[in-house]
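Visitor: Predicted model and sequence follow; I will ask about them next.
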Amino acid sequence: QVELVESGGGLVQAGGSLRLSCAVSGRTFTAYHMGWFRQAPGKEREFVARISWNGGDTYYTNSVKGRFTLSRDKAKNTMYLQMNSLKPDDTAVYYCAARVFPESWNSWGQGTQVTVSS
């Protein structure tokens, strides 16, 4: 497992942007996937996006395609989620996660709150 620490959440108006960061410590294997999940009040945690640590290929849930961009800086051991054109429905606690593909997601950050006002 690795240790994950998120930052960058906050309050923004609809249409605005935020960038979340996830700092990774510990071993980062070439087969690692890093990802973001979110949980809105009263709802289950849902997958948002993921990136392969080595190859950098990405995958997004449909609701954020074209608005969110995932990237990573291997030298800084940090993953970023650039969120543009934010909507009130994006309001949630966002969690950074990691796994050794194809295992399940088993490392989690503490979460960072994103609130989008209308």
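Guide: Arrived safely. Residues are numbered from 1 along each chain as shown.
Visitor: C-alpha from now on. contacts and neighbour counts both.
Guide: Noted.
Visitor: which stretch of helix or strand covers the most centrally placed residue in the chain?
Guide: Closest residue to the average C-alpha location of the chain: residue 36 at 2.7 Å, with C-alpha atoms, centre = their mean. Assigned by DSSP states H and E, residue 36 falls within strand 32-39.
Visitor: quick check: mean pLDDT across that strand?
Guide: Here strand 32-39 scores 95 as its mean pLDDT.
Visitor: Show me the strands in the protein, by range?
Guide: Along the chain, the stretches classed as strands by DSSP state E are 3-7, 10-13, 18-25, 32-39, 46-52, 58-60, 68-73, 78-83, 92-100, 107-108, 112-117.
Visitor: thinking again about what came up before, ok, the strand holding residue 36: who's next to it in the sheet?
Guide: Paired neighbours of strand 32-39 in the sheet (DSSP bridges): strand 46-52 (antiparallel), strand 92-100 (antiparallel).
Visitor: And that strand, what's buried?
Guide: 32, 33, 34, 35, 36, 37, 38, 39 (16 or more other C-alpha atoms under 10 Å).
Visitor: Also stretch 84-92?
Guide: For stretch 84-92, burial by neighbour count (16+ other C-alpha under 10 Å) applies to 84, 86, 87, 90, 91, 92.
Visitor: swap in stretch 107-118?
Guide: 108, 109, 111, 112, 113, 114, 115, 116, 117.
Visitor: now that stretch, how far from the centre of its chain.
Guide: Taking the mean of its C-alpha atoms, stretch 107-118 sits 9 Å from the chain's own mean (C-alpha atoms, centre = their mean, to the nearest Å).
Visitor: Need the contact partners of it.
Guide: Residues outside stretch 107-118 that contact it (C-alpha atoms under 8 Å, 6 or more residues apart in numbering): 1-14, 86-99.
Visitor: can you check stretch 17-25 too?
Guide: With C-alpha under 8 Å, 6+ apart as the test, stretch 17-25 has contacts from 2-10, 12, 76-86, 96.
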